[in-house]
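1. Please find the sequence and the predicted model below.
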Amino acid sequence: MEEPSVEPGDEMEVQQDHPAWMPKSVEQRRREFCLSVATIGVLAAAALGVLITGNTGTSETLAAKAVASAPTSIPSITSITSITSIPSIPVAGSDVEFELTGLDNEGVDVDGEPAGAGGRCTIGLLSVRLGASGDDVECLQNVLADIGHFTGIADGQFNDSTLRAVMDYQTSEGLFVDGVVGRESAVALNIWPDEESFVTRTPPPALGATDLWGVALSPVASAGDAAPPLPDNTGSGRRVVYDRAGQRVWAVRGDGVIIRSWLVSGSTYQNEVPGTHEVYSRSELSTAWNGKAWLPLMIRWLKTERGAIGFHAIPLHVDDNSPYQGDAELGTRLSGGCQRQNNLDAEFMWAFATLGTKVVVT
């Protein structure tokens, strides 16, 4: 698995767990989030108990659609952005979470342009490794030969000689050395495909449009039949589906109906492990390990050796509460591990992805 090294300038989240949702007073939130140095607004009410009519033409209560442990209101991102000081939270130990939030720290272009396309050839897989075969491997071998790292025959077989060539190249370029050609190495070799070709962008929803839960849609969200279809082999039942190539998330009802789908900005690295996971921890507000960013509505689904990975709202600079990116950049990989979401999508996800919710990553 291709992972970045953690440097002093990298930013990682420090968690403040809220293990079970319950309404709290403004004063209590002030103590939990800012330790008496900031102001938190009142939670925005989300009428989860009212009757909502979905695209299927049937009327159901939102509470009936959610699992029994679903929250009874959705916190407002707007109130969270009023924070003016960093909570005094320990920055070491098991509470450090993995999230790089400065574009200049992530090994991607500061202007946020998608990487890929333009080299001699491009690979069609998210990673190429020992045992692989075919055109992607031949492409890799030819490019490594061009720059003097591979001296064998470009036969399309990722064998020991190709592995040694990849590791030699990664070492020479200061990359993470694992012999796997994921995004980081492929971008450096200029064989990574045009990422935009994997992304499906839907038209902005009409003003006031809502999903099947009645929650307002963000500019990058869609719902029901208007949403892009789910990827193949993503399981069944109530779940969150995250497609790394397409930088898209789906919230799926128990009967398979897509409640909502939206674009995210995921990791620039290969640390979002594919497979079936579940939500194991949530924090209404977290801070980056070096105190440079707020990470609102953090929902963790993966533990790694370097920390945790999860969904959260777009990070904010603590010095002026300005966002690290805009909506136009959603659908582009920009983070060091987590999945950044538009605020409206983050608020919806907070209500949907309760503890134990299945998360399928492709």
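-> Looks like it came in fine.

2. pLDDT weak spots in the stretch 251-362 of the chain?
-> 289-290 (pLDDT under 70).

3. helix, strand or coil for the residue nearest to residue 237 when sequence neighbours are not counted?
-> Sequence neighbours aside, residue 254 is the residue nearest to residue 237 in space, at 5.6 Å (criterion: Cβ to Cβ, 6 or more residues apart in numbering). All C-beta spots, glycine's among them, are computed from the backbone N, C-alpha and C. Here residue 254 is recorded as coil under DSSP: H, G, I helix; E, B strand; the rest coil.

4. What separation is there between residue 254 and residue 142?
-> Residue 254 sits 48 Å away from residue 142, going by Cβ to Cβ, to the nearest Å.

5. The stretch 201-350 of the chain: helices as residue ranges?
-> Secondary structure of the stretch 201-350 of the chain by DSSP state H, counting those that start in this stretch: the helices cover 343-352.

6. For it, which segments count as strands?
-> Assigned by DSSP state E, counting those that start in this stretch, the stretch 201-350 of the chain shows strands spanning 221-222, 239-243, 248-252, 258-263, 275-278, 281-288, 293-304, 307-313, 316-317, 339-341.

7. For residue 191, find the nearest of those.
-> Residue 191 sits nearest to strand 239-243 of all the strands of the stretch 201-350 of the chain, at 21.4 Å, using Cβ to Cβ.

8. then the closest one to PDB, C-alphas only?
-> Coordinates of each C-alpha in strand 239-243 appear next as PDB, following Å, rounded to 0.1, in the frame of the first residue of the first chain:
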ATOM      1  CA  ARG A 239     -24.700   1.400   3.500                       C
ATOM      2  CA  VAL A 240     -22.300   4.100   2.400                       C
ATOM      3  CA  VAL A 241     -20.400   3.400  -0.900                       C
ATOM      4  CA  TYR A 242     -17.300   5.300  -1.700                       C
ATOM      5  CA  ASP A 243     -15.700   5.000  -5.200                       C
END
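
9. contacting residues around that strand?
-> Residues outside strand 239-243 that contact it (Cβ atoms under 8 Å, 6 or more residues apart in numbering): 230-231, 234-235, 248-252, 264, 266, 272, 301, 311, 339, 349, 352-353, 357-362.

10. how near is residue 206 to residue 151?
-> In terms of Cβ to Cβ, residue 206 sits 59 Å off from residue 151.

11. whoops, residue 328 was the one
-> 45 Å.

12. Between residue 254 and residue 142, point out the one with more neighbours.
-> residue 142 (14 against 11; other Cβ atoms under 10 Å).

13. residues contacting that one?
-> Residue 142 is in contact with 120-121, 154, counting by Cβ under 8 Å, 6+ apart.

14. part of a helix, is it?
-> Yes: per three-state DSSP, residue 142 lies within a helix segment.

15. Quick check: it vs residue 292, distance?
-> Residue 142 sits 41 Å away from residue 292, going by Cβ to Cβ.

16. Could I get the pLDDT score of residue 85?
-> At residue 85, the pLDDT value in this model is 39.

17. Mind jotting down where the helices sit in the stretch 51-200 of the chain?
-> Under DSSP H, counting those that start in this stretch, the stretch 51-200 of the chain gives helices at 62-65, 77-80, 135-146, 160-172, 183-189.
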